[in-house]
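any chance you can model this:
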Amino acid sequence: MGIQHVRPTRRRDGRAAHTPAAIAGLSSVVQIEGGREHGLARTADGSVYAWGWNRYGQAGTGSSAYEVRSPAPILTGAVDIGAGHYSSFAVKADGTLWAWGRNGQGQLGDGTTTTRRKPVRVTGLSSETVVQVAGGRDHAMSRTADGTVYTWGSNAYGQLGNGTDTSRTTPSAVPAIAHVVDIMAGRDHSLAVTANGAVWAWGRNGSGQVGNGNGAKQPSPVRVKTRVGASAVVLSSIVSVGAGADHSLALAADGTLYGWGANSWGQVGDGTTTTRWLAVKIAVPEAVAAMAGGRQSSVALTDTGAVYTWGDGRDGQLGDGSTSSSGRTTPAVVPGLTAEAVAMGRDFAFAIVPAT
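Next comes the predicted model:
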């Protein structure tokens, strides 16, 4: 596979890219993730590359340089990657979890609050086989092979899901949920999908990003709800989740996409700028296969490989050449782009495209 992106962290000439442009130096990419201002890629052979802003070592090269402008190899043997605001994560094929970058709230999970400019192993999971990782602003989460979710880092808003507001520098299991099949972290909230298709959320909720119908902080997992007629009912048949800063996304088995939370830029995608306290359907013209959230924007990949974007487009992250100051409230296709995977960072988007 080749790779294209909608907006890079920074072009070599320092300007934003408002339409898709290839990232040089990468090939055979199978996974792409965006942090606040850095990117991560995993190739078919398990190699992990990083680039972008590096103030806290989130590029993982060991360098104290503030920027890494081209993809740099970080480690090998990876099967999953994840990016927080200023932190990076990789799951290796042996089930171990590695992290690097900012660590002021213990979000690297190594038992310290020391910035790490090269990968270090996340502790406390030696008896577990990790299969997935996700990073938020100052917290992180992982999923193990048996469907258990572990969290660590800042817990000021209950984003660790353990019923307290006590932060942790090492992983601990989230009680009350089991048999989890997908996870994602927003800025200060967390999401999980269980094998029965239920969506659970916890953490900061001032903009409705937890999706349970109120704005109260949720330190323990609660079911995400949607409205059917006059009633609020639990969201069901979900297979995966995505998160922006303060909004959330969920994909159903039939390709229906839902969104909820902050919506001032139209990032929920329901044609309004109204905060959504419950999940609402997003009118993507085709069945959706994957999605991701940026800070105040969203992206979806359809079954046909078309890419749709909506929300804040001021930095060209919608990929259509525009820099709208008002936001787009409904999904629109990115012209000329056929993709196999998508991801978003703060104000940029990525797409893996078929090799030519």
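
low-scoring stretches of the stretch 51-200 of the chain, by residue?
Within the stretch 51-200 of the chain, no stretch has pLDDT under 70.

hey, where'd the strands end up in it?
Taking DSSP state E, counting those that start in this stretch to define them, one finds strands in the stretch 51-200 of the chain at 67-75, 78-83, 87-92, 97-101, 116-121, 130-135, 139-144, 149-153, 168-173, 180-185, 189-194, 199-203.

specify the stretch among those strands that is closest to residue 356.
Closest approach to residue 356 among the strands of the stretch 51-200 of the chain (C-beta to C-beta): strand 67-75, 19.0 Å. In short, each C-beta sits where N, CA and C put it, glycine included.

would you put the C-alpha positions of the closest one in CSV?
C-alpha atoms of strand 67-75 as CSV (Å, rounded to 0.1, in the frame of the first residue of the first chain):
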residue,chain,number,x,y,z
GLU,A,67,10.5,18.7,14.9
VAL,A,68,11.1,15.5,12.9
ARG,A,69,10.1,16.4,9.4
SER,A,70,10.4,13.0,7.7
PRO,A,71,9.2,9.6,8.9
ALA,A,72,11.8,8.0,11.1
PRO,A,73,12.0,4.3,12.1
ILE,A,74,11.3,3.8,15.8
LEU,A,75,10.8,0.1,16.5
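
so which elements touch it?
Helices and strands touching strand 67-75, by 3 or more C-beta pairs under 8 Å, 6 or more residues apart in numbering; DSSP states H and E, are strand 38-43, strand 48-53, strand 87-92.

now do the same contact list for residue 342.
Residue 342 is in contact with 32, 290-292, 299-301, 307, 349-352, counting by C-beta atoms under 8 Å, 6 or more residues apart in numbering.

ok, it to residue 289 distance?
Counting by C-beta to C-beta, to the nearest Å, the gap from residue 342 to residue 289 is 9 Å.

and residue 188, backbone torsions?
Dihedral pair for residue 188: phi -140, psi 30, per degrees, to the nearest 10.

surely residue 296 touches residue 263?
No: Residue 296 is beyond contact range of residue 263, at 9.1 Å (criterion: C-beta atoms under 8 Å).

need the residues touching each of those two.
With C-beta under 8 Å, 6+ apart, residue 296 and residue 263 have common neighbours residue 247.

re the thing from before, including mean neighbour count and distance to residue 221, could the strands of the stretch 51-200 of the chain go into TSV?
Output for the strands of the stretch 51-200 of the chain, formatted as TSV (neighbours: other C-beta atoms under 10 Å; distance: least, C-beta to C-beta, whole Å):
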stretch	mean neighbour count	distance to residue 221
strand 67-75	17	32
strand 78-83	23	20
strand 87-92	28	21
strand 97-101	27	21
strand 116-121	18	27
strand 130-135	25	15
strand 139-144	27	12
strand 149-153	27	9
strand 168-173	19	12
strand 180-185	23	10
strand 189-194	28	7
strand 199-203	28	4
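
verify the stated contact: residue 276 with residue 266.
No: with contacts counted by C-beta under 8 Å, residue 276 stays clear of residue 266, the gap being 11.1 Å.

quick one: average confidence on stretch 26-38?
For stretch 26-38, the mean pLDDT works out to 97.

for stretch 231-246, same thing?
Averaged across stretch 231-246, the pLDDT comes to 98.

name the residues of it that are buried.
Across stretch 231-246, burial judged by 16 or more other C-beta atoms under 10 Å covers 235, 238, 240-246.

what's the answer for stretch 273-287, then?
Quick answer for stretch 273-287 (16+ other C-beta under 10 Å): 275-280, 282, 284, 286.

and stretch 332-344, by the same measure?
Buried residues in stretch 332-344 (16+ other C-beta under 10 Å): 332-334, 337, 339-344.

now find how far off-centre it is within its chain.
Put simply, stretch 332-344 sits 16 Å off its chain's centre (C-alpha atoms, centre = their mean, to the nearest Å).

may I have it as CSV, with CA atoms only?
C-alpha atoms of stretch 332-344 as CSV (Å, rounded to 0.1, in the frame of the first residue of the first chain):
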residue,chain,number,x,y,z
ALA,A,332,-18.8,15.7,1.9
VAL,A,333,-16.6,13.5,-0.3
VAL,A,334,-12.8,14.3,-0.6
PRO,A,335,-12.4,14.6,-4.4
GLY,A,336,-10.2,12.1,-6.2
LEU,A,337,-9.3,10.1,-3.1
THR,A,338,-9.8,6.3,-2.8
ALA,A,339,-8.6,4.9,0.4
GLU,A,340,-8.2,1.7,2.5
ALA,A,341,-7.9,3.3,6.0
VAL,A,342,-8.3,6.8,7.5
ALA,A,343,-7.1,8.6,10.7
MET,A,344,-7.1,12.1,12.1
